[in-house]
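Student: 3D, please:
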Amino acid sequence: MLNYVHDIPTRLYFGQGQISHLAEELGRFGKNVLLAYGGGSVKRTGLYDEVMKILSDGGFKVTELSGIEPNPRITSVARGVQLCKENDIDVILAVGGGSTIDCCKAVSAGVFYEGDDLWKMVLTSKKAGKHLPLVDILTISATGSEFDAGAVITNWETNEKMSGIFGHPAVSICDPSYTFSVPKYQTAAGSADIMSHVFENYFSETPDSDLADGISESILKSVMKNCPIALEEPDNYSARANLMADANVACSGIPLYGKKYTGWPCHAMEHELSAYYDITHGVDLAILTPRWMRFILKKDPKTVSRFVKLGRNVFGLDCDDELALANAAIDAVEAYFKSTGIPMSLSELGIGEEHFADMAGHADVGGRLTNAYVPLSPADVEEIYRACL
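Tutor: Residues are numbered from 1 along each chain as shown. Got it, this is the predicted structure:
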């Protein structure tokens, strides 16, 4: 087990009715608020009206940044930075899911960025610097952006989707009842994203971090228990609450305690796909994950013991033949994703192999795949992409 340092400065209010803390928390930072959100869902559900009443009653001055995309664009970041500067914004309030929160993290740092090229800021943001305070109200269980410092931003002109470190939210309000209206497709995709965050840390060269592995396995079992319930009973509070808690922890860094960093290969490959095709992040991950698993199992025998552990501890499988058990574990992962009703091939999404070579060549930016749990070359990545067709 390796040494580690961890700091989560986010104050998280979890549970029904926690929006009651919104005014007091925003008030700690000032009265000029940038209210940011995506499409029309926050208005259709009534959450927008609820937030605006709180802000009005509290005497806050509100500037709005709306229309943030599902894969947030650098153009939206630029709009937000301009609004913050023009209106002397004190604090940003992000209402939505991971895309809205990610965009706002980049905006919060962009206000203080010295230079006009905000895309360069994304490419070079490897640790948190000065940023505006960010408060968020979470509306979907998926990315875990409410409890980490990172953000993923897309440059549609260059077909790049890159991650940066900008800073943790100061406050996150996580009320599971705000996820009741999330459609089945997005619920399933978000749950796949949660599981992918766990898998990316679980498959590490460090074999003896029992705490991290135990937490990871518990999250996986919780998601696979509660996602099907939420799909059939959208307003089941227990299922939605457990999924939200799973999302909070899965990408928080806790499942990496004492473990060697893994490169997050499925996310590296997915970012290339959605940079070209602008498709749902969690669906891509569900398609990629079992194919990546089969590839690394075939490429490197050291992976067998990890898959055996996954099969036994998460799926309750057992077999004297460890290689057979490892393959059965991968089959179980794929079968679960398929059971949630999301697409399980790139061809179902209308994606062909025309950009595979370019995507594979770009996926190893910063050497993240060269230094992954099982190193991947561009040729390896192309092979995984083709297996997803």
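Student: for the rest of this, base every contact and every neighbour count on C-alpha atoms.
Tutor: Will do.
Student: how many residues are close by residue 323?
Tutor: Counted with other Cα atoms under 10 Å, the neighbours of residue 323 add up to 18.
Student: hang on, isn't it packed against residue 302?
Tutor: No. Counting by Cα atoms under 8 Å, residue 302 is not a contact partner of residue 323; they are 11.0 Å apart.
Student: as a check, name the ranges of all helices in the stretch 1-150 of the chain.
Tutor: With helices called from DSSP state H, counting those that start in this stretch, the stretch 1-150 of the chain shows them at 22-27, 41-44, 47-57, 74-86, 98-110, 118-124.
Student: please list the residues outside the first one that contact it.
Tutor: Taking Cα atoms under 8 Å, 6 or more residues apart in numbering as the criterion, the residues outside helix 22-27 that touch it are 54-55, 58, 91, 135, 171, 173.
Student: nearest spatial neighbour of the residue minimising distance to the centre of the chain, skipping sequence neighbours?
Tutor: Nearest to the mean C-alpha position of the chain, by Cα atoms, centre = their mean, lies residue 143 at 2.4 Å. Distance criterion Cα to Cα, 6 or more residues apart in numbering; nearest residue to residue 143, sequence neighbours excluded, is residue 98 at 5.4 Å.
Student: that neighbour touches residue 142, doesn't it?
Tutor: Yes. In this structure, residue 98 is within contact of residue 142 by Cα under 8 Å, at 7.1 Å.
Student: pick out whichever of those two has more residues nearby.
Tutor: residue 142 (31 against 26).
Student: can you give me the helices in the stretch 151-300 of the chain?
Tutor: Counting by DSSP H, counting those that start in this stretch, the stretch 151-300 of the chain has helices at residues 184-202, 210-232, 237-250, 265-277, 281-299.
Student: helices and strands around the third one, which ones?
Tutor: Okay, so that is helix 237-250. Judged by 3 or more Cα pairs under 8 Å, 6 or more residues apart in numbering; DSSP states H and E, helix 237-250 is in contact with helix 184-202, helix 210-232.
Student: then the second one?
Tutor: Based on contacts counted as 3+ Cα pairs under 8 Å, 6+ apart, the elements that helix 210-232 packs against are helix 184-202, helix 237-250.
Student: list just the nearest of the contacts of helix 22-27 to residue 309.
Tutor: Ranked by distance to residue 309 (Cα to Cα), the contacts of helix 22-27 are led by residue 173 at 34.9 Å.
Student: from residue 101, how far off is that closest one?
Tutor: For residue 173, the distance to residue 101 equals 12 Å [Cα to Cα, to the nearest Å].
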